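Q: I need the structure of the sequence given here:
(chains A and B)
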Amino acid sequence: MWRVNILVLLFSLTLSAASPELTELEPRGAERGRSLTLTLVGTNLAEGAQVLSTLPATFTPLTPPKDQMSGGRKLPFLVELKADAAVGAYPIRVQTPDGLSNILLFTVGAFPEVQEEEAKPGARENSNDSIETAQRIDPPVTVNGTLDGPDRDYYRIQAKRGERLILEVEARRAGSAIDPVLTLLDSSGAQIMRSEDAPGLGVDSRIDITFPRNGDYYAVVHDARFSKQKQNFYRLKAAAFNYADGIFPLGGKRGEKVDVEFFGGSLKTPVQATADLSKLCPSAEVMPVSVPGEPGSLPFLFVVGDLPEKIEPSRQTPDDVVPLAASTVMNGRIFKAGEVDRYNLAVSPGEHWQLELSARALGTSRLDGVISVYDEHGKKLGSAGDKPPKEDVFSLLSAGRTSSDPWLDLTVPSGAKELLVTVEDLLGRGGPGFGYRLLARKQPADFKLTVLQPFVNVPAEGTVSVEVSVDRRGFIWPIQLSLSGLGDDYIVGGGHIPGEWKDDAYSISRRGVITITAKPGAKAKKLVEASIWGEGKTEDGSIVRRKAECPGMITEVAGGTGIIDAEGRENQRPFVAPSLGLQLPIGIAKVESGAIESEAPRTLRLVQGTGYPLKWSFKPRNPEARPPETVTVDVVSPSAAEISVRRAKTDKKEEKYAEKGEFSLMTTTHSAPEKYDLLMYAESKDEMAEALLTQPITVEVVQGYTISSPKSSLTLKAGGKAELVGAFHREPEFASPVSIHAEYLPAHVTCRPAELRPGTNEYQLSCEAEAVAKPGEYEFQLVPSSTVVGLDKRETPYKIAPVAAKVIVSGNQTAQAAK
Amino acid sequence: MRTTILVMIALTSTPISVLASTQSVTTLSVTPSEITFRSANEGIRVLVTGATPDGEKIDLSESAQFEPSDDIVKRGPDGLLYATRQGETKVTVTAAGARAQLAVHVGDLTKPPQVSFLRDVEPVLNKIGCTSGLCHGSAKGKNGFKLSLRGYDPDFDYEALLYDMSGRRFNRADPARSLMLAKPTQQVPHGGGQRIELGSRYYKTILSWISAGVPFGDLKVDRVDKLEVLPQEVFMQGPGKNQQVLALAHYSDGSVRDVTREANISSNTPEIADVDANARVKGERTGEAALLVRYEGKFVAVPVTVLNPNPGFAWANLQQNNYIDQLIDAKLKRLKILPTPSVDDAEFLRRVSLDLIGLPPTPEELRAFVADKTDSKTKRSSAIERLIARPEYVDHWTLKWGDLLQVSRRYLGDKGMWEFREWIRSSIAQNKPYDKFVYELLTARGSSYENPAANYFRVTRNAKASMEKTTQLFMGVRLVCTQCHDHPFERWTQNQYYEMTAFFGSVGLKPGYQSGDEIVYDKREDYEIKHPKTGRVVDAKYLVASIGAPPIPKTWERRDALVEWLTSKDNPFFARAIANRIWSYFLGRGIIEPVDDIRASNPPANERLLDALTKDLVDHGFDLRHLMRAIVNSRAYQAGIQTNVWNADDKVNFSHGAPRRLGAEELMDALSLAAGSRPRFAEVPPDTRAEEFPDPHVGKDGFLDVFGRPARESSCECERRSDISLPQALNLVNGRTIADAIADPKGRVAKLILAGLSDRAIVEDLYLGSLSRHPTAKEYDTALTYLKAGESRAAWAQDLLWSLVNSKAFLYNR
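A: Residues are numbered from 1 along each chain as shown, chains lettered A, B, ... in the order given. Coordinates of the predicted model:
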């Protein structure tokens, strides 16, 4: 399954309270070719909602249940599956006048479907939680069941000696938060097989059994952590079918037809097939591919790329070195335990390269990859995957830490023309299932962007934020996010991600926030597909522009990992499905009860060390609207130390339900001169639960003034005088006088400090060399100093970095003549 | 002072017993039989031993008379012999009517003595306490002066003395005014008080050393090669007897020195055998103890036996079920301890059920077992087999190993914890040989979800902790203190600590690809371990040599070699440690106790028995079930807890059963069984027994924790508490767990009442369900009388059950 290292932070906040939400599909799946009644369960499911799905089927609305409790909670449809609908998991969402819903996955299977008795409405709790009360099932069948916390579901199967049966649980692959464990007991209750995370199935489970004797057997399903989940369903398949547990290669180029091989599992020999990537939509990142003629299992997800691809050629000896072409994906495989694949890469000194290995994290490889790079003399230049990942603060907040596939960033050392790149398994393993995709790109430092939510509902005339994670790969400079494909109905704001100044920020991840505001009159029913881009400039002026990956859907996985790391993170990583046909779908939601308005301009320029009183007020849109419970300002910044925000005052003693208030924005004299986005949001958690967001205020922290190096070197004759002149620039917001004095002058040379008042754009220092000054060329510094007045009206010293200058002292001709 | 005793010791292995000094002896022997003086200050003690007509040996050292032939030698008031001038002579020794001769050689006493730091001064510093943990031997030293703990590092101490304070500790011009003498004699203020007297023997030693220019000595010659203690075993016929002990230091040049006064001698059980400042052991009461004699990093353990002095002991042959009984009986017979016979069938079944599966038998099982007319030994063996085959057996031992391997979501996360437990459970279910089990654990690599054995290293997380846990858990050897200094009571050194740690240096951990997972891998860089003192990389080295140990690779793969060495049948600790540990689970204490502190200074209660158990385990392919079968089939295991006059004081020789309070989980499950109910916990499926709980997180801070469930914060057996406390008593009397169980609407009492059983049948069922036995006639009477006093039969039955589960018979495995 697709992998994202990050979790939604403010996603729930950006969901409009009135937007539709799907919580359940009844049923969760169907046998292919069958028609069925599908009931969408959730909230705010208005009649007339439009189903958006790639499921090859027609959806005919049925009359919703009339009971009072069901209003807006259930929408039934008559679904006619097309006969050729392939086995797989399909997204289903609805769009109503109040916006888009989340996606739930509907699974088309190959076998007749039944429901777990215990999961039926009104069933007794724990009614199939023991051998004695096990529910009988008759293969071939798919059971749709649920698990509720410390729940174990028992199924009885009558089997004959020598009969073969595959028991497979689809849960996480079908969008459930359940991490299933499947065990098989004999008639005495003794465990004879167990499956936790089966090869090729992610965290899902599979048992392949040939029964040793006639009699009853029991399949038991439970969650690996006995956790309680909102999405707590599973699909237990019991049938005889063939399956593979691996595929190679792991991906191909869009637009091409790629030969693939399925292997392992119950396949006696590998099965060849073709993955047709020629008819994919441009945004598809994966394509489901199945073992031909074997629909029992869900398809593998085959990676779709846009770069040229190669298959690792066969090697005569294990030590053979294969050329690695730049910007071409090499599809390789560690075939045997201990094998090391070697590649040579033609390079030039000083070039900057990025090496990226995709394997384990794709979900279709077992390789814990290690990439290493050596120079021509065998000296190791770097490696990745063979040590813990660097600390990663923001993107991993509230998500349990996990490894990613390795990447390596390097600058070619002088004299090197060829590098040796090796790929191996961290644990020295190998086999058909140890495939990888290796990519070497000659490029400057890079970054990756990932959108942290799968869709966006913008409140009519309101604003919503979209969070983006920036995974820096050596790119430490500022990044500006932008949105494309939105059309004219929206205004985009924010998106400033300041640069990093710490050395250890080389691979750090940050979050950026971009906002979307719906203009008055924006078309409510129009679904927009947008893309988020990030762009930044390196030190040498190279522009790096990257498109953000968008998740198809996100299923929250409740509960902690139990392990609290140094940053206090313990949450489970959510299940994130890959893009399911759209980039970032954007809809218009219901108008909000009011708006928070700030008196501040959209862009504020603040000199380092100064502040700004940020006033706000609540503007109701209807007479019943009540002020929000809390109002908060969030600084989208790598470090809170750059800008601090404090609550100043409200018109009530208590902070709750205030109609207006004030925050104090403060910078320090050391705040990095960057652009920062401030988001002001108001929250109500009562029955009027709502989150109101303002358009962002971009704070540009600036240095109060700058001085340039002198126009020319100061030339002084011993015993003579001269003026040192240079350009001075003062920001309009900075009014304090500035003094510039010279430091580290040679002996017997002095300069009078320059005092600069507003309106001056040049500094001038009068310098003098005594007759005894020793001729020569000297470097010295121009040191500026000033003060700045903060929000508290106090003056504090304000210094910027000194500027280097040069003085040339020539000999005193008179004195020389006298000699 | 350098003194050598030339000893021609003809020691007999027969232990010396201690009888009244007035008793006549047939022969008298002196040990050593020949002594040599090399300096004027040297004092030498000899042991005088008499043999009684019936062959017993008695210590007469204290009462013996010494008559030198001339004035070459004399006896001091301290009982030691001192030389006065050069020459050869003999001393006639008489005691208890017998006589012996002692040959004495005295060298040139006018030569100045050769004194060195190694041989003479460091022992003095150790003896007077300068290097103790409370003084300069503490981690940070004292008042700015640091010495190595108990003088384990003479180099360091010598350097400290010489160069600290710029060498101002010595006054070379006037050695008597040296600070090193002024301080311990309290001539100048000394925080540690006066340690030596002016002009005393130790004073003279230090003064001579300073006068001689503070020589360090020769490491090859002046370090103790071997420490010998005489007698090798002390055997007293009863309390109140004494035995003099001699400590002799052997050096590599062949010289021997009487170091009894400088040696540190202590008893591990002073209430049985105590030792005074003059190295005289006194028998205090019947039993066994061990003396630990330490001198300059060497140590010797001397077993002491104090027999029951009562007359009339007669050995009675009891049934011997297997080799265990033979070996135990052999020792009991020698110690004049009469074992207790086996318990009856009902008691046996409760005991063995609790020990093997953690649950008492049900009333039905008990009735059937008692009614079975098969001979008892066969019947019991069959019951043992049935119990071992039950799934509860797997749960019970999974719990034990869960404790030892610290299965806890605190370290492993929820899924890691469940998976690790499942791996243990599966290993026990398939009766994985113990060596294979440990091999898989310690060589585990990869995702902790895919290879749950790798969780072992997620608990320890670093090389030192991994090494310490591995050696303690699987070898019973505690190396923790050697991280900072050589082991005070063992041969283990600080170097060995790091040599062993080096095996684990390459174990790396990185996050896995799923939440909460971690990957255990071999680091390929930065995996070497450095010695904290030298900063140099330490080469991995096995703690002790063993046959067939594989060569140690220089690379990161050395962990595999360690595990091969560890799990080898030839490893002197591995099989022995687990045999001892398993034994302790069934008999209440190890043959070596504590079970994870195996060392020469902590000798086994029955060496031959431990050897035999170890051999049996190894011979049967490390099959722990086999070992358990052997133990629980033995009569020793099945012995009653009642004692007789001959074994009442015995606590270590397994002559009678030892009641053990039920473990927390056993108690909760026994309560559930007795009451016919089961508490429900949010973290586990309904109907899960306490012994099936995966970790201490389930039911945290409740009944189980009150009753000593371990938090699994260490792998020490000591973490599981089996004491009795006030909170436990209150919980038993007033706690919700018991009250709710007894009043459970689907519980035993409710069922009995609703079934309309007779009063007598109810009493019987409640006794069988709780105490696993039928009530006695008196108990029937008491219960039925109590019924008549009340109105409600149900309330009466609840009260009766309450009183039964609050009885010792329920709370203990007896």
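Q: ok, the residue of the stretch 1-150 of chain A found nearest chain B - contacts?
A: Minimum separation of the stretch 1-150 of chain A from chain B (C-beta to the nearest C-beta) falls at A:P150, amounting to 4.5 Å. All C-beta spots, glycine's among them, are computed from the backbone N, C-alpha and C. With contacts defined as C-beta atoms under 8 Å, 6 or more residues apart in numbering or on different chains, A:P150 is in contact with A:226, B:681-686, B:688.
Q: ok, now how distant is the residue of the stretch 151-300 of chain A at minimum distance from chain B from B:Y449?
A: Nearest residue of the stretch 151-300 of chain A to chain B: A:R225, at 3.9 Å (C-beta to the nearest C-beta). Distance of A:R225 to B:Y449, given as C-beta to C-beta, to the nearest Å: 11 Å.
Q: Which of those two has more residues huddled nearby?
A: Using other C-beta atoms under 10 Å in any protein chain shown, the more surrounded residue of A:R225 and B:Y449 is A:R225, with 29 against 26.
Q: Quick one: residues contacting the more buried one.
A: So A:R225 contacts A:179, A:559, B:414-415, B:418 (C-beta under 8 Å, 6+ apart).
Q: got it, and B:D355?
A: B:585-586, B:632, B:813.
Q: Just the pLDDT for it.
A: With respect to pLDDT, B:D355 scores 98.
Q: Now it: which helix or strand?
A: Using DSSP states H and E, B:D355 maps to helix B:345-357.
Q: Could you identify the helix or strand that succeeds that helix?
A: helix B:363-371.
Q: which parts of that following helix are buried?
A: Under the neighbour-count criterion of 16 or more other C-beta atoms under 10 Å in any protein chain shown, helix B:363-371 has B:363, B:365-366, B:369-370 buried.
Q: Relative to chain A, which of those residues is nearest.
A: Of all the buried residues of helix B:363-371, chain A sits closest to B:E365, with 17.6 Å by C-beta to the nearest C-beta.
Q: Excluding chain neighbours, what is closest to that closest one?
A: Setting aside the residues directly before and after it, B:E365 is nearest to B:L349 in space (C-beta to C-beta, 6 or more residues apart in numbering or on different chains), at 7.2 Å.
Q: again with B:L292
A: Sequence neighbours aside, B:S601 is the residue nearest to B:L292 in space, at 4.7 Å (criterion: C-beta to C-beta, 6+ apart).
Q: and if you look at B:G769?
A: B:A674 (4.9 Å).
Q: so which helix or strand takes in that neighbour?
A: helix B:664-675.
Q: can you give me the angle that helix makes with helix B:345-357?
A: Following axes from the mean of the first three to the mean of the last three C-alpha atoms, to 10 degrees, one obtains 130 degrees for the angle between helix B:664-675 and helix B:345-357.
Q: Show me what helix B:664-675 is in contact with.
A: The contact list for helix B:664-675 (C-beta under 8 Å, 6+ apart) reads B:354, B:358-360, B:362, B:399, B:661-662, B:678-679, B:689-691, B:693, B:703-709, B:720, B:737-738, B:741-742, B:744, B:747-749, B:766, B:769-770, B:801, B:804-805, B:810-811, B:813.
Q: which of those count as buried?
A: B:354, B:358-360, B:399, B:661-662, B:678-679, B:689-691, B:693, B:703-709, B:720, B:737-738, B:741-742, B:744, B:747-749, B:766, B:769-770, B:801, B:804-805, B:810-811, B:813.
Q: elements contacting whichever strand in chain A runs longest?
A: Counting residues, the longest strand found in chain A (DSSP state E) is strand A:776-789. Applying 3 or more C-beta pairs under 8 Å, 6 or more residues apart in numbering or on different chains; DSSP states H and E, one finds that strand A:776-789 contacts strand A:705-707, strand A:738-743, strand A:795-798, strand A:803-810.
Q: Remind me what the shortest one packs against, helices and strands.
A: Identification of packing neighbours for strand A:705-707 by 3+ C-beta pairs under 8 Å, 6+ apart yields strand A:721-730, strand A:776-789.
Q: Averaged pLDDT, the longest one. What do you get?
A: The one in question is strand A:776-789. For strand A:776-789, mean pLDDT is 95.
Q: Pull up the pairing partners for that strand, direction included.
A: Here strand A:776-789 has these sheet partners by DSSP bridges: strand A:738-743 (antiparallel), strand A:795-798 (antiparallel), strand A:803-810 (antiparallel).
Q: For it, which residues meet the burial criterion?
A: A:778, A:780, A:782-784, A:786-789.
Q: Give me the residue ranges of the chain where confidence is low.
A: I'll assume chain A. A:1-17, A:68-70, A:390-401, A:502-508, A:524-525, A:561-570, A:637-641, A:649-655, A:686-688, A:812-819 (pLDDT under 70).
Q: Chain B, not that one
A: Looking at chain B by pLDDT under 70, you get B:1-23, B:165-167, B:488-489.
Q: so where's the longest helix in chain B?
A: In chain B, with assignment by DSSP state H, the single longest helix is helix B:409-429.
Q: How about it and chain A, touching?
A: Yes - Helix B:409-429 comes into contact with chain A (C-beta under 8 Å from any C-beta of the partner chain), by way of B:409-419, B:422, B:426, B:429.
Q: Next, the residue of the stretch 551-700 of chain B found nearest chain A: secondary structure please.
A: As assessed by C-beta to the nearest C-beta, chain A sits closest to B:P685 within the stretch 551-700 of chain B, at 4.5 Å. Assigned with DSSP: H, G, I helix; E, B strand; the rest coil, B:P685 falls in the coil class.
Q: Can you tell me the closest non-neighbouring residue to it?
A: A:P150 (4.5 Å).
Q: quick revisit: just give me the neighbour total for the residue nearest to B:G769.
A: By the criterion of other C-beta under 10 Å, B:A674 has 27 neighbours.
Q: do the same with A:P313
A: 11.
Q: Give the next helix or strand downstream of the helix or strand encompassing B:N126.
A: B:N126 belongs to helix B:122-127 when assigned by DSSP H and E. Downstream of helix B:122-127, the next assigned helix or strand under DSSP H and E is helix B:154-163.
Q: helices and strands around the following helix or strand past that following helix, which ones?
A: Using DSSP H and E, the helix or strand that follows helix B:154-163 in sequence is helix B:179-182. Helix B:179-182 sits against helix B:201-211, with contacts defined as 3+ C-beta pairs under 8 Å, 6+ apart.
Q: related to what we said a few turns ago, narrow the contacts of A:P150 to those that are buried.
A: Looks like these have A:226, B:681, B:683-685, B:688 buried, using 16+ other C-beta under 10 Å.
Q: Return the closest of those with respect to B:C481.
A: Using C-beta to C-beta, B:E683 comes nearest to B:C481 of the buried ones among the contacts of A:P150, at 37.8 Å.
Q: who are the neighbours in contact with the closest residue in space to the closest one that isn't next to it in sequence?
A: In space, and not counting its chain neighbours, B:E683 is closest to B:V698: 4.7 Å by C-beta to C-beta, 6+ apart. Neighbouring residues of B:V698 by C-beta under 8 Å, 6+ apart: B:681, B:683-684.
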